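Student: dropping a prediction and its sequence here:
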Amino acid sequence: MIFCHCAVVGDREVKQAVDAGARTVSQVCRSTGAGQECGSCVFAVRRVVCEHLAQVAVMAAADPEVDVAAS
């Protein structure tokens, strides 16, 4: 779902940025271009970042061999 219409960024791009190592909303916005124009999407970016990081943490807790830093 696209939520940054200024830079045409959606949840897929945000998840890819997190998987590539971005850990903060600022890092994700710099990486994807989201939030650079009007900024109305920043809260949606934050939600997706938090949800995705939580999923990664759950996966790591379930399987101790999962490298959280690499995911």
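Tutor: Yep, that arrived.
Student: which other helices and strands contact the one helix or strand residue 57 maps to?
Tutor: Under the criterion of DSSP states H and E, residue 57 resides in helix 42-62. Packing partners of helix 42-62 (3 or more Cβ pairs under 8 Å, 6 or more residues apart in numbering; DSSP states H and E): strand 2-4, helix 11-19, helix 25-32. The way it works is simple: take the backbone N, C-alpha and C, and place the C-beta from them, glycine included.
Student: quick one: closest of those to residue 55.
Tutor: Closest approach to residue 55 among the helices and strands packed on helix 42-62 (Cβ to Cβ): helix 11-19, 9.1 Å.
Student: buried ones in that closest one?
Tutor: 11, 13-15, 17-18 (16 or more other Cβ atoms under 10 Å).
Student: can you put the helices and strands packed on helix 42-62 in CSV and add distance to residue 59?
Tutor: Shown next, in CSV, are these (distance: least, Cβ to Cβ, whole Å):
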stretch, distance to residue 59
strand 2-4, 24
helix 11-19, 12
helix 25-32, 19
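Student: hang on, the earlier thing: which positions in the helix holding residue 57 come out as buried?
Tutor: 42, 44-46, 48-49, 52, 56.
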